[in-house]
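sequence plus predicted model, see below.
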Amino acid sequence: MERKLPGLTALRQDLQAPIEARRFGSGWFAGFFALLLAVAGFGFVVALRWPGWFAMPELARLRDLPGFRVGVHGVLLASYALALLSLLLRPAKAIGFTALAIGIAAALLGGADVQPDETRSWGIFFGLDFFIVNLAITGLMFAPIERLFPRDGAQRLFRTEWREDLFYYLVSSMMVQVLTFLAFAPSKAVMAHSGGFAGFRALVGGQPWIVQFIEIMVLTDLAQYWFHRAFHRVPFLWGFHAIHHSAKSMDWLAGARMHFFEIVALRGVTALPMMTLGFLPSALQAYIAVVYIYSSLIHANLRGDFDRLGRWLVVPRFHHWHHGLEQEAVDVNFAIHFPWIDRLFGTHHFPKGRWPQGYGVPEEVPNGYRAQFAYPFRRRREG
């Protein structure tokens, strides 16, 4: 049986407190935002202190902005203030004390004025700053929207399995260097052996920017459609994809639950048309930014049928049917951006005004990241 530290158990119980114990004025919201800001501030301080280990080189420009350290200082001060307010208002002190402890730890490391330590560079880094920026942008965008316009009003922010999905989010962000290297390897191999297509690539790169952006969306969606469909139809590949479908609740964080090997394969397949056909880097960067947000959107706990819009663009209800438990939801709606691709290949399912009644998979997928990482291999042996 897994042993848990008493302090972590108290924190989890406080975060998952019933709705009546989280009303405005109870100190819960102050504690939650204090914890969020403290973790963000601590992460940025760590990235500033050891940039060679915990920071992405691509985000160096952000960290070097004149106001960045001022912002980090403001984040830590706000976390202290909100933590103290939570401790004053709330009988349960776990969230407030945890936020205060993390904020103090950030101050002891040097706070916003911390200077980089000289460390031996191994050429390997973990994207801690990337994780924080990603989580802040998507979390601060979707968490409030889901509370204002929920499809399932009874579903809480800290619903069942939220810790697992947050850990998946952490792994995919922290391992960004490894994932990028593995995913872009096929594209680099194609580029290295296709020099004769320089004229074609120049033609593609000379198109209007918006045309390139739309072409990237269509081509990557066609590539991932067949990838996605294969992971449903091939039994061994389904073992990996079942991890993604094992989430029993749908919200913006559920999309992060994906097996490490599937992330590498999916990004590798979708990178091929993006990286090898000559599109402008700015169009590629814009697409990557959009797809991060779009992936969270289509998994989100948001109401709205969007019957007309859903004929042309994937909306939450369309993708929720892909995750449905009902028989009618099996092997449908593989597209991520354009539902007409599913209509073209006979896998479209978008019943007017109806949502699936449940989510997950019929088979029993274990809980916990380590068990789920091993599941596809163990499943094959046992099968």
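Yes, it's here. Numbering: from 1, shown residues only.

what about the spatially closest residue to Leu272 that is not a sequence neighbour, which helix or strand?
Nearest residue to Leu272, sequence neighbours excluded (C-beta to C-beta, 6 or more residues apart in numbering): Ser187, at 5.6 Å. All C-beta atoms are positioned from the backbone trio N, CA, C, and that covers glycine. Secondary structure assigned from DSSP states H and E places Ser187 in helix 176-192.

report all helices and strands that that helix contacts.
Secondary-structure packing of helix 176-192 (3 or more C-beta pairs under 8 Å, 6 or more residues apart in numbering; DSSP states H and E): helix 260-276.

in whichever helix or strand comes after the helix it packs on, which residues are buried?
Downstream of helix 260-276, the next assigned helix or strand under DSSP H and E is helix 281-299. Neighbour counts over helix 281-299 (16 or more other C-beta atoms under 10 Å) mark 283-284, 286-287, 291, 294-299 as buried.

can you tell me what sits against helix 281-299?
Helix 281-299 is contacted by residues 134, 137-138, 141-142, 209, 212-213, 216-217, 220, 250-255, 274-275, 314-316, 318-319, 323, 336-337 when judged by C-beta atoms under 8 Å, 6 or more residues apart in numbering.

ok, Phe338 touching Val315?
No - Phe338 lies out of contact with Val315 (C-beta atoms under 8 Å); the separation is 11.5 Å.

of the two, who's got more company?
Between Phe338 and Val315, counted using other C-beta atoms under 10 Å, Val315 has the larger neighbour count: 21 against 17.

list the contacts of the more buried one.
Each residue near Val315 by C-beta under 8 Å, 6+ apart is listed here: 298, 304, 306, 309.

how near is the residue sitting nearest the centre point of the chain to His73?
Nearest to the geometric centre of the chain sits Ala256, at 4.1 Å (C-alpha atoms, centre = their mean). Plainly put, Ala256 is 30 Å away from His73 if you go by C-beta to C-beta, to the nearest Å.

just the buried residues of the helix or strand containing Arg370, please?
Secondary-structure assignment from DSSP H and E places Arg370 in helix 369-382. By neighbour count with 16+ other C-beta under 10 Å, helix 369-382 contains the buried residues 369, 372-373, 375-376, 379.

how far off helix 281-299 does the helix or strand hosting Phe130 point, in degrees?
Taking DSSP H and E as the criterion, the element that holds Phe130 is helix 128-148. Interaxial angle, helix 128-148 versus helix 281-299 (axes from the mean of the first three to the mean of the last three C-alpha atoms, to 10 degrees): 40 degrees.

show me what helix 128-148 is packed against.
Judged by 3+ C-beta pairs under 8 Å, 6+ apart, the packing partners of helix 128-148 are helix 28-49, helix 60-63, helix 162-174, helix 281-299.

surely the residue nearest to the centre of the chain touches Glu164?
No - between Ala256 and Glu164 there is no contact under C-beta under 8 Å: 9.4 Å.

number of residues surrounding Gly195?
Neighbour tally, Gly195, other C-beta under 10 Å: 8.

actually Pro66, not the one I wrote
Counted with other C-beta under 10 Å, residues neighbouring Pro66 total 6.

follow-up on the earlier one: CA atoms only: put the helix holding Ser187 into PDB for me.
Extracted C-alpha coordinates of helix 176-192, given in PDB (Å, rounded to 0.1, in the frame of the first residue of the first chain):
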ATOM      1  CA  VAL A 176      10.700  19.300 -23.700                       C
ATOM      2  CA  GLN A 177      14.300  18.900 -24.900                       C
ATOM      3  CA  VAL A 178      14.200  15.100 -25.100                       C
ATOM      4  CA  LEU A 179      10.700  15.200 -26.700                       C
ATOM      5  CA  THR A 180      11.800  17.700 -29.200                       C
ATOM      6  CA  PHE A 181      15.000  15.900 -30.100                       C
ATOM      7  CA  LEU A 182      13.100  12.600 -30.600                       C
ATOM      8  CA  ALA A 183      10.100  14.000 -32.400                       C
ATOM      9  CA  PHE A 184      12.100  16.100 -34.900                       C
ATOM     10  CA  ALA A 185      14.600  13.300 -35.700                       C
ATOM     11  CA  PRO A 186      12.500  12.000 -38.700                       C
ATOM     12  CA  SER A 187      12.000  15.500 -40.100                       C
ATOM     13  CA  LYS A 188      15.800  16.200 -39.800                       C
ATOM     14  CA  ALA A 189      16.500  12.900 -41.600                       C
ATOM     15  CA  VAL A 190      14.100  13.900 -44.500                       C
ATOM     16  CA  MET A 191      15.700  17.400 -44.700                       C
ATOM     17  CA  ALA A 192      19.200  15.900 -44.900                       C
END
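
what's the average pLDDT for that helix?
The average pLDDT within helix 176-192 is 80.

contacts only, for Glu215.
204, 207, 279.
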